[in-house]
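**Q** structural data only, the sequence is not supplied:
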């Protein structure tokens, strides 16, 4: 199988250092050959951490480990491996997390519970953690503050391009840096989008404020995306604040001091989330779905997600067919309040269907041109209220079948 | 695009006459060329009727028409067309139903509201009902009691084989006949499975009993199947009882007199529902998913449906990969009570994963052999309670993309 880089790929940005963070990648030979598959991040003493995890009821051992570790609110290191998800691995899975954290903690000079772990790859195979711990000392010795690109590459699985984003935010008059990396391209559905994401800043932010910022940011980014409606057992987003920047003190509840930081963090998270959709398995088109006129925002999001997850809508867009009939179907199947005779549907800003029927004199030409592009926008107005939502997905193509019909073999 | 007959196709059975029912098919040229696309069924005076329809909030005009007509509980004729679904067609859609019913009613000698209509095909295009009404007189003149096979063929759209089933049931000491035909191969998800289905019997059954029988039967058949999770705007199942058979009177509430009839009706409905799954767009394998050990039957069904609708499970099975990790994922994403460490997963009767990990000494050989067959059985034991459910689906292949990426063009 010859996997091409996604036609929707974006360039890896330059990632300047974040004070208090050193990163690196190594070849541990867990599953892949001739590529890095182990990433470590070391964080300076005093770093605070917040995390959001999959809602899947059968999470992987690393998710359990992180949830428990996060109770302390402190982190000194992260170890991530690609190729094996350490999911449904029973006692061996728990032991792999503990052994990895112990080894990394010794190198970083911290208790194991200040080491977070994440794994991505095949489910149900025991993680050969001796390979991780054997590779860690040399990896730790090689950590640098300017190796973020290496880290972005080292956590990839079926990803076709590395994913990163960076922004500068102001707290008071002081500039702080926010860097993020992510991986993911399949098993992507909200709560969480299936992926791993690590974001670090040199800002000094108390745990409660950090946690609130992250939850809000993930809700407006990763949880508004879907590739295939499948929710991974390993989804993890971690946000670290090293506190190296010298800005005015931020109170525990955050508040106005973090307004710009919050906006920039949301940008980083949305940027990364859209990169994951752009790398959706087999994706040829990035699809944005705007729903307006719903009874509530929650209802709008459910309708948008029903459209985003409809195989018939996704294959129609792959075929560059502005088949709004399938969009009507998907709106209706969401089970949310909808009135066929008030519904309007547009593509690329052109209303095609309105008030229960096709728009009189509807000219398909601009719509056909829009459908041929790499980015397809769908507008749905339910005509009922003021609830609105935006979600992103990709089309469903032969590439998805190619990748997923032979992943293990 | 060259569509082959599904490898899971079954032979069309011989369909003996049902006393009081005459059927036929004609070429009305609605969309297709050189094939029948218009079907009429005439029912003897006194025929009772029950119906179940899509839960989609944006149903087609024919569904609205049938729901209203059904209030009378009587039917004398059905007109079905293929190629145009008459959905999201506004006032023109309602007029098409009324005009078709009026024309058929004149031929059958009944008021329009005793004529039921159904349409399947493209959404959002006005149904050229003049073509239907022009073809009806000759079609009506050609109706016969032995033309059920023609009717099964005339309602096909993307179906690759016609679908029918027949059974004999006993009411008292009298044999009655149950014939059914169905169409459907995509936009198939429960509540209802996307399809049209028409079942007729010569039994004499009061409307309340008929309605109860049909709802129960559909719940255990069509509503336990899914091809692509998409719920059509047109799903319709109609059950007619002509009352020509001379059996003991059946009370309004049905009851024990209908025990055998109910069992045989359920067989007809399940037979037809599985034929629809066997004709799932691009299907190469029929998949049966048995969930046991759930807290409730409802919970079991939700878990089974989450697995049945998971693109990653369906593509794995297409690739003949017994990837139970994806099944764990799909169980977990259902949001129903599940405990990773009590969960067991089997394929073809062989338990692969149990108690939160792979079965020690698990031998893949029989599982690999099972995966290569046309029928794949998945067993999931949640280990929590006594709730159980069975659902059926098909795999997700390149064929699905081929069919749905270019349906309109």
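**A** Looks like it arrived, so ask away. Keep in mind that what you see is a predicted model, and the values were worked out from it rather than measured.

**Q** ok, residue A:128 - contacts?
**A** A:30, A:84 (CB atoms under 8 Å, 6 or more residues apart in numbering or on different chains). The way it works is simple: take the backbone N, C-alpha and C, and place the C-beta from them, glycine included.

**Q** please read the previous query as pertaining to residue A:279.
**A** Taking CB under 8 Å, 6+ apart, one finds A:6, A:8-9, A:159-161, A:163, A:184-185 in contact with residue A:279.

**Q** ok, so of those, who is nearest chain B?
**A** Minimum distance to chain B across the contacts of residue A:279 is 12.0 Å, recorded for residue A:185 (CB to the nearest CB).

**Q** wouldn't the closest one be in contact with residue A:160 here?
**A** Yes. Shown here, residue A:185 and residue A:160 form a contact pair, counting by CB atoms under 8 Å, at 7.0 Å.

**Q** shared neighbours of the two, anything?
**A** Contacts common to residue A:185 and residue A:160, judged by CB under 8 Å, 6+ apart, are A:6, A:279.

**Q** show me where pLDDT drops low in the stretch 101-250 of chain A?
**A** A:187-194 (pLDDT under 70).

**Q** try it again at 50.
**A** A:189-193 (pLDDT under 50).

**Q** ok, the residue of it found nearest chain B - contacts?
**A** Across the stretch 101-250 of chain A, the shortest distance to chain B (CB to the nearest CB) belongs to residue A:123, at 2.6 Å. Residue A:123 makes contact with A:60, A:85, A:87-88, A:233, B:323, B:325-326, B:328-329, according to CB under 8 Å, 6+ apart.

**Q** of those, which belong to helices?
**A** B:325-326, B:328-329 (DSSP state H).

**Q** now tabulate those residues in TSV and tack on distance to residue A:50, pLDDT and neighbour count.
**A** Listed next are the ones in helices among the contacts of residue A:123 as TSV, based on distance: CB to CB, whole Å; pLDDT from 0 to 100; neighbours: other CB atoms under 10 Å in any protein chain shown:
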residue	distance to residue A:50	pLDDT	neighbour count
B:325	28	86	28
B:326	30	89	27
B:328	27	91	27
B:329	25	88	31
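
**Q** out of those residues, who's nearest chain A?
**A** residue B:325 (2.6 Å).

**Q** what sits against the closest one?
**A** Contacts of residue B:325 by CB under 8 Å, 6+ apart are A:85, A:87-88, A:122-124.

**Q** for residue A:294, same thing?
**A** Counted by CB under 8 Å, 6+ apart, residue A:294 has contacts A:300, A:303, A:336-337, A:382, A:384-385, A:387-389.

**Q** out of the contacts of residue A:279, who's the most crowded?
**A** residue A:184 (33 neighbours; other CB atoms under 10 Å in any protein chain shown).

**Q** contact residues of the stretch 51-200 of chain A facing chain B?
**A** Within reach of chain B by CB under 8 Å from any CB of the partner chain, the stretch 51-200 of chain A has these residues: A:55-59, A:85, A:87-93, A:122-125, A:186-187, A:189.

**Q** now, those residues that are in helices?
**A** Those of these lying in helices (DSSP H): A:90-93.

**Q** list buried residues within those residues.
**A** Buried subset of these (neighbour count, 16 or more other CB atoms under 10 Å in any protein chain shown): A:90, A:92-93.

**Q** much appreciated, bye for now.
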